[in-house]
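Peer 1: Based on what follows, work out the 3D shape:
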Amino acid sequence: MLRPGPLRGSRDRPARKTRYDRWLTTASAATLDISLLWIPATLIAAAAQTARNTMQHKLTSELGTLGAAQVRFLYGLPFALVFLAILLLAGGETLPPAHGRFLLLCAGAAAVQILATVLMLATMQLRNFALSTVYVKTEPVLVAIFAVAVLGDPLTVLAACAVLIATTGVVTMSWKPGAGAGSNWRPALLGITSGACFALSSVVFRGAILSLEGGSFALRASMTLVVGLLMQTAALVIWQALFQRDVLRHVLAAWRSSLPAGFMGAFASQCWYIGFALTSAANVRTLGLVEVLFAQVASRRIFAQHTSRKERYGMALVVAGLVLLLYGAPR
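Peer 2: Numbering: from 1, shown residues only. Modelled structure (predicted):
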């Protein structure tokens, strides 16, 4: 007796994928890739920012703290405009409308970022380049504290331990037995304040990016960067034209040495903002801690600066605390 085989189209035969199924698979893979784009963007931003800080550090002795800070904004703006134009031409998109809330957020973040940059450069004059970067990189811890104080976000036990470990690292680096308190704590205070201002500006700039309606994540990030740089450049040019004309003249005269720093600053900011458009500022800034390692290399090879064993232990504690903060962040 012949046994009947499986009928055609029965459940034993896998169903053939339709064109719609294949499109969904491709779209899902693309979405996954885009969602992870903040990781390489952040790594590139950290490397570019280290290069920019190195260039600004060299310009500080020539232009002063405020003049070196102006280099980041004045000479970064043309490159930011080029980045925005490339995105508009390549994507065929139009700029989303800049509403009042967006402009207000950009203005607030721009002002705080100017203060953060000035404080960072002042810290670099008081301590070596790598150690100054570690002070500023307490930023992710400060983001967590701001989230609790301002937004009422819960602070887990793991996150609290991260704050404690990182703070212990800063104290370890700053404390020198037998030295005056002023010589020890002033660089730490300036650096941590700079990190706090960078933390606040990161959160507010991310809010500005997310407030825009329409456009790709890259376009919204680039538009926010251009608007912020326009505000920062205008504010510093007006201030220097009124009160520090000599500084402004020196900044304009040093355009050859300032253009590379402006480009690296704009490129780093473009990558940071792309990260902000895709994930939380805490995630981006915590991964950006690799800049501490980049700065250590720059400190040794460019500035011939060395950190003590105690300072290296402190660096390790700061990095461990910030990594623990990212590990304990809600997924």
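Peer 1: only C-alpha atoms for contact and neighbour calcs from this point on.
Peer 2: OK.
Peer 1: Report the contact partners of L259.
Peer 2: V71, Y75, G76 (Cα atoms under 8 Å, 6 or more residues apart in numbering).
Peer 1: A68 now?
Peer 2: By Cα under 8 Å, 6+ apart, the contact list for A68 reads Q56, H57, L59, T60, V251.
Peer 1: What are the boundaries of the helices in the stretch 201-331 of the chain?
Peer 2: For the stretch 201-331 of the chain, applying DSSP state H, counting those that start in this stretch gives helices covering 217-243, 245-253, 255-278, 281-287, 290-301, 309-327.
Peer 1: who's in contact with the fourth one?
Peer 2: If I follow you right, that is helix 281-287. By Cα under 8 Å, 6+ apart, helix 281-287 touches 38-39, 42-43, 139-140, 143-144, 202-203, 206, 272, 275-276, 322-323, 325-326.
Peer 1: make it 6 Å
Peer 2: The contact list for helix 281-287, computed with Cα atoms under 6 Å, 6 or more residues apart in numbering, reads P140, V203.
Peer 1: A162 is in contact with L324, correct?
Peer 2: Yes. L324 sits in contact with A162 when judged by Cα atoms under 6 Å, with a separation of 5.5 Å.
Peer 1: neighbour-wise, which of those two wins?
Peer 2: Using other Cα atoms under 10 Å as the criterion, L324 and A162 rank with A162 on top: 25 against 20.
Peer 1: so which strand or helix has that one?
Peer 2: Using DSSP states H and E, A162 maps to helix 157-174.
Peer 1: How far does that helix sit from its chain's centre?
Peer 2: Using Cα atoms, centre = their mean, to the nearest Å, the mean C-alpha position of helix 157-174 is found 21 Å from that of the whole chain.
Peer 1: how about the CA coordinates for that helix, as PDB?
Peer 2: Once non-C-alpha atoms are left out, helix 157-174 reads as follows in PDB (Å, rounded to 0.1, in the frame of the first residue of the first chain):
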ATOM      1  CA  VAL A 157      23.400  51.500  44.900                       C
ATOM      2  CA  LEU A 158      25.700  50.600  42.000                       C
ATOM      3  CA  ALA A 159      25.600  54.200  40.700                       C
ATOM      4  CA  ALA A 160      26.300  55.500  44.200                       C
ATOM      5  CA  CYS A 161      29.300  53.300  44.500                       C
ATOM      6  CA  ALA A 162      30.500  54.600  41.100                       C
ATOM      7  CA  VAL A 163      30.300  58.200  42.300                       C
ATOM      8  CA  LEU A 164      32.200  57.300  45.500                       C
ATOM      9  CA  ILE A 165      35.000  55.500  43.600                       C
ATOM     10  CA  ALA A 166      35.400  58.300  41.100                       C
ATOM     11  CA  THR A 167      35.400  61.000  43.800                       C
ATOM     12  CA  THR A 168      38.100  59.000  45.700                       C
ATOM     13  CA  GLY A 169      40.200  58.900  42.600                       C
ATOM     14  CA  VAL A 170      40.000  62.700  42.200                       C
ATOM     15  CA  VAL A 171      41.000  63.200  45.900                       C
ATOM     16  CA  THR A 172      43.900  60.700  45.500                       C
ATOM     17  CA  MET A 173      45.200  62.700  42.500                       C
ATOM     18  CA  SER A 174      44.800  66.100  44.200                       C
END
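Peer 1: Thanks a lot, catch you later.
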